[in-house]
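> Pasting a predicted model and its sequence here:
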Number of protein chains: 2
Amino acid sequence: MDTPASADREGISRIERLCIDRGLKMTGQRRLIARVLSESVDHPDVEELYRRAHARDSHISIATVYRTVRLLEEKGILERRDFGGGRARYDPTDRGHHHHLIDVDTGKVIEFADERHEALAREIAARLGFELVDHRMELFGRRFPEPQPEAPTSRRGKGRGGRDRS
Amino acid sequence: MDTPASADREGISRIERLCIDRGLKMTGQRRLIARVLSESVDHPDVEELYRRAHARDSHISIATVYRTVRLLEEKGILERRDFGGGRARYDPTDRGHHHHLIDVDTGKVIEFADERHEALAREIAARLGFELVDHRMELFGRRFPEPQPEAPTSRRGKGRGGRDRS
DNA sequence: ATATCTGCAAATCATTTGCGAAACC
DNA sequence: GGTTTCGCAAATGATTTGCAGATAT
């Protein structure tokens, strides 16, 4: 849904735009990492980001990826996540506030948002005497066995709550 | 309900009981670590467990603490937590299913449980096509600024309602 | 007995950092 | 041009592990 490969010449990627807006000095490797992040729809760890970036410019070093990812986190452009597995995963903040459901069988991560949960979290914090500053929720689930062919019941679920993102 | 707290003399600690029930070979150091865990009301990391155990038996090594804590996690007696800060924190499962609120100013951790959240989490997972296997929620909060000048009953202080188990 | 555990130190793993060379503003 | 960043490799910090001796069942 984005500009075709034309963005390769001079286009400024989504994340690069954010970097520029925060006054970061844009080097070739930062631009590349920003582009890789902009094109990613998952939650890569440093190793994976390095792999993707290195495929385009084999001169980049993993130390630079570590440094850049940390810088972007400090600038609020990325959020560090821990889905288990030992390595930190990165999630661009411009995807909006959301939570994650991890498929315990495949490791796949699904993003979702839910207003009711936001309200509930605020309320629980208040009950304990705190103002909610931040919060996170991770669900670990297993895909339902068989997508049983839509029972005769026509009543579609209470269809709504929060939009979910892949 | 339960045996009185007469378990101190030669007694078997809460966690040791669980170890025995799962058929673990009980060595002196495991018994000690189990006792330290049973007496803890917080979420110690390995370094801290080692400190507490080492204070009672200076022969114990930190490698053993690491090994034991991992064993107990595999046996479902402990749960590993990540509250940031780089080190894993441990939480006995026999405290029941709960979540955490971390005071961003002091780092103190408060446990809580909330039925509505449990139901909501299950529902969200179902909506996404998953059966909920596990889930966790962490709230990061700041103690409310000023105790509102509403009822000048007693002097202000940290004496807020709600017990915490750091 | 004897399979399992422990202590110690060395080994891993992810991440950070010192340093001279290279790149950006 | 001077400051900031980069690549490299060595340093770090948390956790794991190989091995020889100690222990529980």
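Looks like it arrived, so ask away.
> Strands along chain A, start to end?
Using DSSP state E, the strands of chain A run over A:78-81, A:89-92, A:99-103, A:109-112, A:130-143, A:164-165.
> For residue A:11, find the nearest of those.
Between residue A:11 and the strands of chain A, the shortest separation by Cβ to Cβ is 17.1 Å, and it involves strand A:89-92. In short, each C-beta sits where N, CA and C put it, glycine included.
> ok, and what's touching that closest one?
Here strand A:89-92 makes contact (Cβ atoms under 8 Å, 6 or more residues apart in numbering or on different chains) with A:14-15, A:37-38, A:43-46, A:49, A:69, A:72-73, A:77-83.
> The same query, at a cut-off of 10 Å, please.
Residues outside strand A:89-92 that contact it (Cβ atoms under 10 Å, 6 or more residues apart in numbering or on different chains): A:14-15, A:18, A:34, A:37-38, A:40, A:42-46, A:48-49, A:69, A:72-73, A:77-83, A:98, A:100, A:109, A:111.
> among those residues, which are in reach of chain B?
A:80, A:82, A:111 (Cβ under 10 Å from any Cβ of the partner chain).
> Flag every residue of chain A that's near DNA strand D.
Proximity of chain A to DNA strand D (Cβ under 7 Å from any atom of the strand) is limited to residues A:24, A:25, A:27, A:29, A:30, A:59, A:60, A:61, A:63, A:64, A:67, A:68.
> can we see that at 6 Å?
Taking Cβ under 6 Å from any atom of the strand as the criterion, chain A approaches DNA strand D at residues A:25, A:27, A:29, A:30, A:59, A:60, A:61, A:63, A:64, A:67, A:68.
> Out of these, which end up buried?
Buried members of the residues of chain A next to DNA strand D, counted by 16 or more other Cβ atoms under 10 Å in any protein chain shown: A:29, A:30, A:60, A:64, A:68.
> what does chain A have sitting close to DNA strand C?
A:25-28, A:45-46, A:63, A:66-67, A:70, A:86-88.
> thinking again about what came up before, check the strands of chain A for me: which has the lowest mean pLDDT.
Among those, strand A:164-165 has the lowest mean pLDDT, at a mean of 34.
> Could you dump the residues of chain A next to DNA strand D into TSV with pLDDT added?
Below are the residues of chain A next to DNA strand D laid out as TSV (pLDDT from 0 to 100):
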residue	pLDDT
A:25	96
A:27	96
A:29	97
A:30	97
A:59	91
A:60	96
A:61	96
A:63	97
A:64	98
A:67	98
A:68	98
